[in-house]
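Enquirer: how does the following fold in three dimensions:
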Amino acid sequence: MPFYAQAVAQLIKIHFGASKPVNPPSICQTTKFDTAKFMWEMNYAREHFLEKVGGVKLSDRENYTLQNEFLRICEAIDDQPKFVCHRDYHSRNLMLKLGRMYVIDFQDSRLGPLQYDLVSLVHDSYVALSPESISKIKDDYVSKATQQGPKGCIQSNFDDIFKIQLIQRCFKACGSFSSFFNARNDTRYLKYIKGTALLVARTLGESGEFPLFLSLFQRFALLEKNYEGLCAP
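Expert: Below you'll find the model as predicted:
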């Protein structure tokens, strides 16, 4: 997988090269993902995906419980070492010219956990990778980060946090795809919702830590909906 090897190499440069102190610091070194920003993304997805597209309605008690589950997710990933993240590191932002890879769309870069970009790369809504390929790419990243990153950048709970970050990042992607439809009647991204939502639900099920969040996918048949068949109002 030579192109993904290049993608990992570029990601290592972003995470550790761009994180080196400069004076004055760049915007991507002073802006960061924190619990508040992660929560904003979760509630953005809740509004656009769960409520407006999925038809989810909750009682006050359920709303309180869901916000607590969201908060636990966001605090867990906020509590990780932070490095410069691209923030939108997927196939459509990786350009090839004469066999060499170039990265675009980095204007939203900020400090965040290493897992954020890695989730975006291997669980790309636009490309379905096999479990074997995902494992190889992750192993390649961890190996390079261990060798080239600062000591301790790959912590013992890396895989556990990767799964929690997957829930947050992919749920946010469902919200973005839904918002394009809700805000401007753009149906082009609706076809990516179901596969991404399935990944979120599957990972929630494996985790077992966020029961209400998981139950919404079942109660409101979010994995059975025909998102591509939605029509602009």
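Enquirer: for burial, what's the neighbour tally of residue 154?
Expert: Per other C-beta atoms under 10 Å, the neighbour tally for residue 154 reads 16. Placement of C-beta: from N, CA and C, glycine included.
Enquirer: same thing with residue 51?
Expert: For residue 51, the count of nearby residues is 15 (other C-beta under 10 Å).
Enquirer: over to residue 142?
Expert: The number of residues packed near residue 142 is 19, by other C-beta under 10 Å.
Enquirer: list the contacts of it.
Expert: With contact set as C-beta atoms under 8 Å, 6 or more residues apart in numbering, residue 142 has these partners: 154, 158.
Enquirer: wait, a helix at it?
Expert: Yes. Assignment of residue 142 by DSSP: H, G, I helix; E, B strand; the rest coil places it within a helix.
Enquirer: roughly how far does the closest residue to residue 152 other than its chain neighbours sit from residue 123?
Expert: The shortest distance from residue 152 to any non-neighbouring residue, by C-beta to C-beta, 6 or more residues apart in numbering, is to residue 81 (7.3 Å). Remark: distance between residue 81 and residue 123 (C-beta to C-beta, to the nearest Å) = 21 Å.
Enquirer: check what contacts the worst-scoring helix or strand of the chain on mean pLDDT and list those residues.
Expert: In the chain, no helix or strand scores lower on mean pLDDT, DSSP states H and E than helix 27-30, which sits at a mean of 87. Identification of contacts with helix 27-30 by C-beta under 8 Å, 6+ apart yields 18-19, 21-22, 84, 109-111.
Enquirer: residue closest to the middle of this structure?
Expert: Geometric centre of the chain, nearest residue: residue 169, 2.2 Å, by C-alpha atoms, centre = their mean.
Enquirer: from memory that residue sits against residue 116, does it?
Expert: Yes. In this structure, residue 169 is within contact of residue 116 by C-beta atoms under 8 Å, at 6.2 Å.
Enquirer: state the distance from the nearest residue to residue 16 once chain neighbours are set aside to residue 17.
Expert: Spatial nearest neighbour of residue 16, excluding adjacent residues (C-beta to C-beta, 6+ apart): residue 149 at 4.9 Å. Separation of residue 149 from residue 17 (C-beta to C-beta) stands at 10 Å.
Enquirer: higher neighbour count, the two?
Expert: Ranked by neighbour count (other C-beta under 10 Å), residue 149 and residue 17 place residue 149 first, with 18 against 12.
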